[in-house]
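Chemist: Sequence and predicted structure, then a few things I'm wondering about:
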Amino acid sequence: MANVLVLGSGGREHALGWKLAQSDHVTEVIYAPGNGGTEHGKGRNVPLNANNKDDWPALLRLIEEESIALTVVGPEAPLSAGLVDHFHSQGVQRIFGPSQFAAQLESDKFFSYRILDKLGIPQAQSACCSTADEAKAAIHELLNERGIVLKARGLAGGKGVIVCKTAAEAEEAAATLQAQYGDDLLVCERLEGPEFSVFGIADGKSIKAIELALQDHKRRDNNDQGPNTGGMGAYGPAPIAPPEVIQQVHASVMTPVIEEMNAQGNPFQGFLYAGFMYTEEGPKVLEFNVRFGDPECQPAMTLLASDLYEVLDQTLSGNLGQMKLSFHPGAACCVVLASNGYPGPITKGLTIQGLEKAGALEGVEVFHAGTVQQDGVLKTSGGRVLGVTGYSDSGLAEAQQRAYDAIQHISVEGNFHYRTDIAARALP
Ligand code: AMP
Ligand code: GLY
């Protein structure tokens, strides 16, 4: 029997911990810091945050005191800050997530562009620019009838990518990004097509695909309107990328990248997330992330039939090759309930009601993100508040219906903002 530690506070971490708690191997799931929904059953919160380096010594003490057998890192920031390297150096080896160097696949867009370029993996034609003049020249060279895309080189919390229509707009956007995030900018040809995400579990030498394409909805409002967000909902399996497409990108993208990292002496261990655009020429990589997607994790964990503890434990023990991941039949659909104003400024501290009724419905799981318990009352505490997830073994239409039916029971003062078209494009 084992205690596990989940680092992070979002819907992704709740879904990971919820799935880990279902394992017969797991006694307790400790979340640091967790949220208002993660303290129940086997779950317990401790007020430590891996995003804050000052909390790392206390997390290491917690791992020792609680005999934590497995730590899972949810978000990218502590990975890019070198948490895994530090924990390894302090004797903690059972931690799932990449080293700081390997995390550059997400934290450094030049790094990921160059590795794909070296391997000849399809991606947008791009230029690594470090001055305003270089950016301007690249904008004029790579602009097409669809426009052009600019990406800040480093982590920018989803705000570092600007899609532009004209060269004038792009030059202005380049100056804005350079002022805000530094001079290094990746200027990319603008691709066109639907997007999908593929996830894999890597042990440093090889990677196993989660054979299930997931589709996120990044824009805040229906019909992909409004500002970009962390994700307003996700569903899977997305029919746009059937199993043969997943197998193809697994063999031609994920596997060569993991092998190249290993060959360079920088093995990648953890969840690898590849975002694709399905262009007329086939799938092209938009980006890599070095962790699970949020909210993609919520439908993915709902659909995963395998014991997640065994999967991660065996991966850390070097036995990934012998493992087979299995999934429940059917589909899952997660709809995010967000605070009004998200992704801008929001009001916190509003009382949430109706979760018991919603969660009791067949095939429904309500994952928490921006919630907190205050004196036994559940309150809002962030932009994305809940991920209401419907599952059905009969398929996506019923999974979607279950999520939206459940939402009807949930209320907050001033109402939540949510999209009413999550998964709609995958349905007739
Ligand atoms: P990224 O963080 O790199 O995935 O970019 C965020 C979003 O910007 C993606 O989900 C796409 O919607 C869009 N995007 C990124 N790169 C491109 C591209 N080369 N062409 C068109 N859209 C893009
Ligand atoms: N849902 C997008 C992400 O996790 O980056």
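Modeler: Noted; the coordinates are in hand. What you see is a predicted model, and the numbers here were worked out from it, not measured in a lab. Numbering: from 1, shown residues only. Ligands and ions are numbered 1, 2, ... in the order given.

Chemist: And the chain, what are its domain boundaries?
Modeler: Residue ranges for the domains of the chain, per automatic domain parsing: 2-97, 125-189, 195-322, 331-426.

Chemist: could I get the ones you listed as TSV with distance to residue 114, mean neighbour count and mean pLDDT?
Modeler: Every residue, glycine included, has its C-beta placed from N, CA and C. As requested, those are exported to TSV (distance: least, Cβ to Cβ, whole Å; neighbours: other Cβ atoms under 10 Å; pLDDT from 0 to 100):
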stretch	distance to residue 114	mean neighbour count	mean pLDDT
domain 2-97	17	20	98
domain 125-189	8	17	96
domain 195-322	11	20	96
domain 331-426	30	20	97
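
Chemist: Check what contacts the top helix by length along the chain and list those residues.
Modeler: Longest helix in the chain by number of residues (criterion: DSSP state H): helix 167-181. Here helix 167-181 makes contact (Cβ atoms under 8 Å, 6 or more residues apart in numbering) with 129, 132, 135-136, 139-140, 143, 147-148, 150-154, 156, 160, 162, 164, 185, 187.

Chemist: other SSEs contacting the helix or strand just after it?
Modeler: Toward the C-terminus, helix 167-181 is succeeded by strand 185-189 as the next helix or strand (DSSP states H and E). With contacts defined as 3 or more Cβ pairs under 8 Å, 6 or more residues apart in numbering; DSSP states H and E, strand 185-189 has these neighbours: helix 109-119, strand 126-129, helix 132-142, strand 148-152, helix 167-181.

Chemist: one more time with 6 Å
Modeler: strand 126-129, helix 132-142, strand 148-152 (3 or more Cβ pairs under 6 Å, 6 or more residues apart in numbering; DSSP states H and E).

Chemist: can you redo those as CSV with distance to residue 30?
Modeler: Converted to CSV, the helices and strands packed on strand 185-189 look like this (distance: least, Cβ to Cβ, whole Å):
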stretch, distance to residue 30
strand 126-129, 41
helix 132-142, 45
strand 148-152, 34
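
Chemist: Quick test: name the residue nearest the centre of this protein.
Modeler: Nearest residue to the geometric centre of the chain (Cα atoms, centre = their mean): residue 293, 1.3 Å.

Chemist: where does that residue land in three-state SS?
Modeler: With DSSP: H, G, I helix; E, B strand; the rest coil as the basis, residue 293 sits in coil.

Chemist: Make residue 1 into 29 and carry on from there
Modeler: Done: numbering now begins at 29, and the last item shifts to residue 321.

Chemist: returning to what we had before: of the domains of the chain, which approaches residue 136 most closely?
Modeler: domain 153-217 (6.2 Å; Cβ to Cβ).

Chemist: Give me the angle between the longest helix of the chain and helix 160-170.
Modeler: 140 degrees (axes from the mean of the first three to the mean of the last three Cα atoms, to 10 degrees).

Chemist: For helix 195-209, what is the distance to the chain centroid?
Modeler: 27 Å (Cα atoms, centre = their mean, to the nearest Å).

Chemist: Spell out whether it and ligand 1 are in contact.
Modeler: No: residues of helix 195-209 are not located near ligand 1 by Cβ under 6 Å from any ligand atom, the shortest gap being 12.5 Å.

Chemist: ok, back up a step: and the contacts of helix 195-209 near ligand 1, which?
Modeler: Among the contacts of helix 195-209, proximity to ligand 1 is found for residue 179 (Cβ under 6 Å from any ligand atom).

Chemist: follow-up on the earlier one: I figured the residue nearest to the centre of the chain was touching residue 300, is that so?
Modeler: No: here residue 321 does not reach residue 300: they are 11.0 Å apart, not a contact under Cβ atoms under 6 Å.
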